[in-house]
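[1] Using only what follows, build the 3D model:
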Amino acid sequence: MLVLNTCGVVDLSPVSKVSNILLISQLGSVVGDILGDIILGKANPTGKLATTWTKIEDYKFIYEFGENDDTNYIEGVYVGYRLFNSVGIKPLYPFGFGKSYSLFDISKISLTNIKDEINIKVKVKNIGKFPGKEVIQVYISPSQNNENKPYQSLISFKKTPKINPSDEIELDLNFKLKNVARYDIKKASYILDKGNYIIRVGNSSEDTKIYGYIELDEDITTEILKNINGGYSTGFKDFNPKVILKDEIKNVQKIKLTKNDIELKKVDYNYEPNINKDLLKIADSDLAYMCIGDFSDINERLSGIGGLTAKNVKEIKNYIRMADGPAGLRLTNFLDNKSQTYTTAIPIATALAQTFNIDLLEKIGNLIATEMDIYNIQLWLAPALNIHRNILCGRNFEYFSEDPLISGKMSAALTRGVQSHKNRGTTIKHLTANNQETKKYNNNSNMSERTLREIYLKGFQIAIEDSQPSAIMTSYNLLNGIHTSENKDLLINVVRSEWNFKGLIMSDWSISGLNESGGKYRKQNIFGIIKGGNNIMMPGSDIDYSILIDKLNEKLITRDDLLKCSSKVYETIKLLNQ
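    Residues are numbered from 1 along each chain as shown. Just a heads-up that it's a prediction; the model follows:
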């Protein structure tokens, strides 16, 4: 047996003749116990790959990665299994794949719908000799209709409870067809093209059966939106492998939908930040202080706290203490010089995603919040849910998957677990397209709006709509020429208006004017952050504060700008200190 205690994908083609490979993926404090239980047969491994494992040369379609200034996402929506399925590459180990000590049979019971919400009932029987669990996965192959679309996309999944040998259970899986609509930049809308949408059910992306299909007689618009920054032009055309579906669907169930079955979403883009009346009498200098992280108490920050909000505004009674993630709370050995500190090292995000177990992640979120209670941490600076665009990204261990549905659902589950505790919150990050470590402070992720919305924003949208995390952290990189932390269209039109996000928006850790690389693009700075719809620049420094006061004196920033940012900071402080 080859045991892989790795943080990410490894090219296993040199050891392909090994008959047994156990991937444990850095499980933290309990890794030794789990490994022993699996080898001794006390536990049955039930994980599935949330990222495709294949040869490095199979990533040749990811044209640009690790560039210094501009990284062009020429592959478009063809990421991970969407790419490999569409171009006919058979990976070493496909997305969703995973063996256990048992075998399972999946059979259909029924396919029903209420409008565009589809329900699939399946029977799952353990036909092996050991108790175990299975992950049921539903994929949609969309109508091609002369449009550029991946061969299939994951639309729903569910993990069974433990099933004993010869036992059978019934499972319900649900999805809404509108969630596979393509984004049309010319119409600034999500569109379901007329034609057939094939429903595939199985236990990996390459082991499915057709359970039915959905027929549309006309194109249906599901959402009318606004393009980000006016519909940015990348200067290149997205990759188009010209996918052809050749599936026989004559002898399977059909569900026919019309325009009346799908609700049309229209967005009100008149968002106005709330100005809290409690702040109206506070001096401009203190409002400015609230718009950056606290830099006055260096001792507390060095004791393990990842960041603080303003502590020394006399009118504000409380503040927020933050601790970084991702594998639980990241604190130093000593906290407040009182006692030695140990927190649970939970599995890395990639390992959590491989469980495909929503209930388990809620329990892990509850564990994290219990330790936040102990150390009086209000905000956990996690989970991170950027996409595994390329297996060479140095931070993939901190992220869940190559798939936005998995990323969003796992982040939402952790958030629900953490936020089930009073005064505890999560910070989903890094919004968005933070997919490489090279020059991450000022590298420009250049992509089409369709790619952005269908792949790199989708997980964040799912996490927000499913769980309303307390905070969002923007990324270091630029997106189509504008820093994400300074992009008003992204933060106000999309995050606030389209997704109805209620919480705090903060920057990733940076100080204005420092660590400039001399490259094509500058780093994010406090001026752009305040004007762009961000609420607070972290971690805060006297440099940021001086710049902010100078901009205020030069009338480039107004008191109203400060009130809008500080009001959201103040509301979050109150919410997490009830």
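[2] Which residue is the nearest non-sequential neighbour of the residue nearest to the spatial centre of the chain?
    Nearest to the mean C-alpha position of the chain, counting by CA atoms, centre = their mean, stands Leu385 at 3.0 Å. Nearest non-adjacent residue to Leu385, counting by CB to CB, 6 or more residues apart in numbering: Ser407, 4.1 Å away. Where C-beta positions appear, they are placed from N, C-alpha and C, glycine not excepted.
[3] what's the answer for Cys7, then?
    Skipping the residues right next to it in sequence, Cys7 comes nearest to Phe397 by CB to CB, 6+ apart, at 3.6 Å.
[4] Confirm that neighbour sits in a helix?
    Yes. Under DSSP: H, G, I helix; E, B strand; the rest coil, Phe397 falls within a helix.
[5] What is the neighbour count of it?
    Burial measure for Phe397: 19 neighbouring residues, criterion other CB atoms under 10 Å.
[6] so what's it up against?
    If you count contacts by CB atoms under 8 Å, 6 or more residues apart in numbering, Phe397 has them with Cys7, Gly8, Gln26, Ile348, Ala349, Thr350.
[7] quick revisit: tell me which other helices or strands the host helix or strand of the residue nearest to Leu385 touches.
    Counting by DSSP states H and E, the element that carries Ser407 is helix 404-419. Counting contacts by 3 or more CB pairs under 8 Å, 6 or more residues apart in numbering; DSSP states H and E, the secondary-structure elements packed against helix 404-419 are strand 153-159, helix 349-355, helix 358-375, strand 425-431, helix 458-467.
[8] Of all these, which one is nearest Val267?
    With CB to CB as the measure, helix 458-467 is the member of those nearest Val267 (12.5 Å).
[9] What residues of the closest one count as buried?
    Lys458, Gly459, Phe460, Gln461, Ile462, Ala463, Ile464, Asp466, Ser467 (16 or more other CB atoms under 10 Å).
[10] Of those, just say which sits nearest to Ser13.
    Closest approach between the buried residues of helix 458-467 and Ser13, by CB to CB: Gly459, at 29.5 Å.
[11] Touching, that closest one and Glu402? I think so.
    No. Contact criterion CB atoms under 8 Å: Gly459 and Glu402 do not qualify, at 10.7 Å.
[12] Next, show the common contact partners of these two.
    Contact criterion CB under 8 Å, 6+ apart; residues shared by Gly459 and Glu402: Ile387.
[13] now Tyr190, which residues is it bridged with?
    Per DSSP bridges, the residues bridged to Tyr190 are Tyr183, Glu223.
[14] For the stretch 401-550 of the chain, give me the ranges with low pLDDT.
    Counting by pLDDT under 70, the stretch 401-550 of the chain contains low-confidence ranges at 513-518.
[15] Going by residue numbers, what spans are strands in the stretch 251-400 of the chain?
    Using DSSP state E, counting those that start in this stretch, the strands found in the stretch 251-400 of the chain span residues 254-257, 265-266, 307-308, 321-324, 334-335, 339-340, 379-381.
[16] possible to save those strands as CSV with mean pLDDT, distance to Gly76 and mean neighbour count?
    Below are the strands of the stretch 251-400 of the chain laid out as CSV (pLDDT from 0 to 100; distance: least, CB to CB, whole Å; neighbours: other CB atoms under 10 Å):
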stretch, mean pLDDT, distance to Gly76, mean neighbour count
strand 254-257, 96, 27, 15
strand 265-266, 94, 24, 12
strand 307-308, 90, 36, 22
strand 321-324, 92, 33, 22
strand 334-335, 54, 46, 16
strand 339-340, 60, 50, 8
strand 379-381, 97, 31, 28
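[17] Would you mind giving the ones you listed as TSV with distance to Phe95 added?
    Conversion of the strands of the stretch 251-400 of the chain to TSV gives the following (distance: least, CB to CB, whole Å):
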stretch	distance to Phe95
strand 254-257	26
strand 265-266	29
strand 307-308	35
strand 321-324	29
strand 334-335	40
strand 339-340	42
strand 379-381	28
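[18] Please identify which of these is closest to Trp509.
    strand 307-308 (7.4 Å).
[19] Could you double-check that Leu83 lies in contact with Gly76?
    No. Applying CB under 8 Å, one finds Leu83 not in contact with Gly76, separated by 9.5 Å.
[20] Of the strands of the stretch 251-400 of the chain, which is nearest Leu392?
    Ranking the strands of the stretch 251-400 of the chain by their distance to Leu392 (criterion: CB to CB) puts strand 321-324 first, at 23.5 Å.
[21] For that closest one, name the packing helices and strands.
    For strand 321-324, the packing partners by 3+ CB pairs under 8 Å, 6+ apart come out as strand 307-308, strand 379-381.
[22] With distance to Tyr476 added, can I get those in CSV?
    As requested, the helices and strands packed on strand 321-324 are exported to CSV (distance: least, CB to CB, whole Å):
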stretch, distance to Tyr476
strand 307-308, 15
strand 379-381, 14
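[23] Helix, strand, or coil at Asn196?
    Relying on three-state DSSP, one would call Asn196 strand.
[24] So it versus Ile214, what's the distance?
    7 Å (CB to CB, to the nearest Å).
[25] likewise Ser467?
    Taking CB to CB as the criterion, Ser467 is separated from Ile214 by 28 Å.
[26] What of Phe501?
    Separation of Phe501 from Ile214 (CB to CB) stands at 31 Å.
[27] Also Leu49?
    When distances are taken as CB to CB, Leu49 and Ile214 turn out to be 27 Å apart.
[28] for Gly41, same thing?
    43 Å.
[29] Mind checking which of those two has more residues around it?
    Here Gly41 and Ile214 are set side by side on neighbour count (other CB under 10 Å), and the busier one is Ile214, at 25 against 9.
[30] I figured Ile74 hits Phe236, correct?
    Yes. Ile74 lies in contact with Phe236 (CB under 8 Å); the separation is 5.7 Å.
[31] between these two, which one's more packed in?
    Taking neighbours as other CB under 10 Å, Ile74 and Phe236 compare with Ile74 leading, 19 against 14.
[32] contacting residues around the more buried one?
    Tyr63, Glu64, Phe236, Asp238, Phe239.
[33] Next: Tyr456.
    By CB under 8 Å, 6+ apart, the residues touching Tyr456 are Asn386, Ile387, Pro404, Thr432, Ala433, Asn435, Ser445, Met447.
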